[in-house]
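> Coordinates for the following, if possible.
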Amino acid sequence: MNLISENSSILITIIITTVSLILYFSYSFKRLKTFEDKKLEAIFLEIEVEKNNHLYLKKVPKEITKLESKTKATFKKINVNIFNIDYSYKEVLSNI
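Below you'll find the model as predicted:
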């Protein structure tokens with residue numbers, strides 16, 4: 001009888017230890033999973049921000065090229081106007 005009592009106490013101890021470990025590891029796993037999910041969500045948000053920045057930066061050279069061509073056209077107009085004024089000024093002075 002003493003042997004059965006001793007075996008049952010060992011069995012109860014093993015069962016309690018096993019259940020305690022299962023509960024601890026399941027709680028630890030759930031906590032770790034929620035933490036990792038939050039980190040993963042933050043990484044996805046950062047990726048979206050970088051995608052948006054990439055799309056914006058792809059447009060910037062086109063805008064710079066357009067602005068550059070407009071500036072060149074304006075300079076050409078100014079240059080032509082200066083030559084016209086200079087030519088008119090020479091014509092006025094040559095007639096005097």
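> remind me which residues of this structure are low pLDDT?
Within the chain, the segments meeting pLDDT under 70 span 1-4, 89, 92, 96.
> Go again with 90.
By pLDDT under 90, the weakly predicted segments of the chain are 1-9, 53-68, 75-96.
> would you list every one of the helices in it?
2-95 (DSSP state H).
> Now do Lys30 against Tyr24, distance only.
Using CB to CB, to the nearest Å, Lys30 is found at 11 Å from Tyr24. In short, each C-beta sits where N, CA and C put it, glycine included.
> what does Lys39 give?
Lys39 is 22 Å from Tyr24, by CB to CB.
> again, but for Leu57
Taking CB to CB, one finds Leu57 at 49 Å from Tyr24.
> Repeat that for Tyr87.
94 Å.
> What of Val49?
Val49 is 38 Å from Tyr24, by CB to CB.
> same thing with Leu11?
20 Å.
> again with Ser5
From Ser5 to Tyr24 the distance is 28 Å (CB to CB).
> cool, and Leu67?
On the measure of CB to CB, Leu67 and Tyr24 end up 64 Å apart.
> Repeat that for Ser8.
For Ser8 relative to Tyr24 (CB to CB), the value is 24 Å.
> Then Leu32?
12 Å.
> Check Lys90 too.
For Lys90, the distance to Tyr24 - CB to CB - is 98 Å.
> just Ile10 next, same as before
The separation that Ile10 has from Tyr24, given CB to CB, amounts to 21 Å.
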